[in-house]
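Novice: Sequence first, then the predicted structure, then my questions.
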Amino acid sequence: MILNKKNFILFSFLAIFTLVGCKEEKEIVAKKPNIIFIMSDDHAYQAISAYGHGLNNTPNIDRIANEGVIFNKGFVNNSICAPSRAAMLTGKHSFKNGKVDNIRPFNWDQDNFAKDLQKNGYETALVGKIHLDGLPQGFDYSNVLPGQGQYYSPDFIENGEKKTYPGYITNVTTDIALNWLDKKRDKEKPFMLMYHQKAPHRTWMPEEKYLTLMDSITFDPPANFFDDYEGRPAAAGQEMSIYKDMDLVYDLKMLDKEGELKTKYRGMFQRKYDRMTDEQKAAWDAYYDPIIADFKSKNLEGKELAVWKYNRYMHDYLRTIQSVDDGVGEVLDYLKENGLEENTIVVYTSDQGFYLGEHGWFDKRFMYEESFRTPILMKYPKEIKAGTVIDELVQNIDFAPTFLDYAGVKIDESIQGESLRKLVKGEASEWRDAIYYTFYEYPAEHKVKRHYGVRTDKFKLIHFYYDVDKWELYDLEKDPTEMHNVYENTDYASVKEEMHQQLEKMRTKYGDSDELNQKNLNNYLEAKNIKH
Ligand code: SGN
Ligand code: CA
């Protein structure tokens, strides 16, 4: 064909139509939603502004709630890192997927939702903290932290190979995730990215640029900061008190150049500090040195020291979250700028909650609200109405079936969680009225005893066992901060009976038992070489 002006125009139109046709075709092929599963480590819901506690501002995490749904009653199955992650991947409770504590290995050979998505045409990636040993299965690309990871000059294991990256861990993790999204993935396929931050995990080391954030703010500790644990011996026995157990140097950064503050974990913190470049150290010292000098001049004691420690803790903890929030913003912007916003599900959650001074504590593990609960926010513009609020009981075992449901992939019968899809749409004809919890990591750091329990909308029943045999019952409406164990209170006799029935129902439904607890205990004691 000779190209004169007329048929050139015709030819151009045809070319454009063909291109548009191709694009539509691709969209049909790729109409399965993309999924970005964002998780941070130890991020308390109290420290997300969308939850309204007024401690800090997390505008980017809040965007997920504003453009989608916020879950006010999100919980974990087991309030410790690796077991919670294993439950999310498998959709099963710890005693079913086998990863009951941080100690024993995770069996990657079992099914997980990433494997299912991958088998169904998804391109999958895992970036950041996972805390499950062994080469991750179900991912086309993985670049993960060895164990807990390091805040400065972090090591990563990229598809099995160890590398050290310069910089600050939260930003490095975000860069790796964005690089995969932009350059590494197969753009013909729908994708599922697990983008998992180490922060705000202990030992809360902020990024240089946020060292002075909220410096002028003094935080008032929660009302039960000076809890005496009356009627709650398991709570009394823990070692996670801000006042008693927080290390001045390791946790609170009082690494004085004179070496006078000789705390138990000083050496451990020195090694973390030594990972910084000279420039980073200079910024760090410029901020902390005057605080150290001031602290040493004051000789604080008792309640004054406790409140000072609480404030140091809060400042560092909240600062590490600011970098996490920035990363969420970068990822959301990437989706927007690349036309991926409409068809991408974004979830933000944490592997569990965390104590920000409630009961006088840091850390997690207990089935009490602050660590049992976890933040969950989700958006998917194509299907979820902006500003949705869900007050039903949801749990981390629900992620796997939810993602599979949205992706149109069969949910295996062995999965114990429920898809949140209908619930979010307001189309669930019924929903669970109770959730089940287990915790196994004892004897161990922080000394939180083994326990399991059940929570309904109004009440919570907990059984602590092994070297103790103690039941606790809470009236969550009257006593939301769980200060009064009413297990022996005769006014609650019928509630107690109902909750025991609920507990048995849960244990039967999910397949847990005292025998399994005993088996897990024996394995644990053996792994830790403790005589029994
Ligand atoms: C480390 C921390 C603990 C923390 C566990 C579990 N100590 O051992 O404070 O409870 O991790 O956290 S540290 O001295 O190493 O900081 S988890 O999130 O990985 O389960
Ligand atoms: Ca954690």
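Specialist: The structure has been received and is ready for your questions. Numbers count the residues shown, from 1 in each chain. Ligands and ions are numbered 1, 2, ... in the order given.

Novice: Could you use CA atoms for every contact and neighbour count after this?
Specialist: Fine.

Novice: what's the residue nearest to Glu123 when sequence neighbours are not counted sitting at in phi/psi?
Specialist: Excluding its sequence neighbours, the residue lying closest to Glu123 (CA to CA, 6 or more residues apart in numbering) is Phe191, at 4.6 Å. Geometry field for Phe191 lists phi and psi as phi -120, psi 160, criterion degrees, to the nearest 10.

Novice: Now do the same contact list for the residue in the stretch 51-200 of the chain that ligand 2 sits nearest to.
Specialist: For the stretch 51-200 of the chain, the residue closest to ligand 2 is Cys81, as judged by CA to the ion, at 4.0 Å. Applying CA atoms under 8 Å, 6 or more residues apart in numbering to Cys81 gives the contacts 41, 102, 131, 351-352.

Novice: what about 6 Å?
Specialist: If a contact means CA atoms under 6 Å, 6 or more residues apart in numbering, then Cys81 has Asp351 as its contacts.

Novice: Could you do Ala527 as well?
Specialist: Residues in contact with Ala527 (CA under 6 Å, 6+ apart): none are found.

Novice: can you do 10 Å?
Specialist: 103-104, 521 (CA atoms under 10 Å, 6 or more residues apart in numbering).

Novice: Also Ile384?
Specialist: Here Ile384 is in contact with 67-69, 345, 378, 421, 424-426 (criterion: CA under 10 Å, 6+ apart).

Novice: before we move on, the earlier item: hang on, isn't the residue nearest to Glu123 packed against Gln118?
Specialist: Yes: counting by CA atoms under 10 Å, Phe191 does reach Gln118; the two are 8.9 Å apart.

Novice: neighbour count winner among those two?
Specialist: Phe191 (23 against 18; other CA atoms under 10 Å).

Novice: Would you state the strands of the stretch 351-500 of the chain in chain order?
Specialist: Here the stretch 351-500 of the chain has its strands, by DSSP state E, counting those that start in this stretch, at 376-379, 388-390, 394-395, 434-439, 451-456, 459-464, 470-475.

Novice: what's the angle from the fifth one to strand 434-439?
Specialist: Right, the one you point to is strand 451-456. Relative orientation of strand 451-456 versus strand 434-439 (axes from the mean of the first three to the mean of the last three CA atoms, to 10 degrees): 160 degrees.

Novice: how about the residues of this structure near ligand 1?
Specialist: Residues of the chain that fall close to ligand 1, judged by CA under 6 Å from any ligand atom: 80-81, 202-203, 363.

Novice: Of those, which is the most crowded?
Specialist: Neighbour max across the residues of the chain next to ligand 1 (other CA under 10 Å) = Ile80, 26 neighbours.

Novice: Now do the same contact list for the residue nearest to the spatial centre of the chain.
Specialist: Nearest residue to the geometric centre of the chain (CA atoms, centre = their mean): Ser350, 1.6 Å. Residues in contact with Ser350, defined by CA under 10 Å, 6+ apart, are 38-45, 75-76, 81, 84-85, 196-197, 200, 373-376, 396.

Novice: again, but for Met194
Specialist: Met194 sits next to 35-39, 114, 124-130, 139, 142, 177, 347 when contact means CA under 10 Å, 6+ apart.

Novice: Beta-bridge partners for it, please?
Specialist: Beta-bridge partners of Met194, counted by DSSP bridges, are Phe37, Leu126.

Novice: Mind pulling up the pLDDT for it?
Specialist: What the model reports for Met194 is a pLDDT of 98.

Novice: and what of Phe8?
Specialist: Phe8 carries a pLDDT value of 46.

Novice: so which of the contacts of Ile384 is the most crowded?
Specialist: Most neighbours among the contacts of Ile384, by other CA under 10 Å: Met378, with 27 neighbours.
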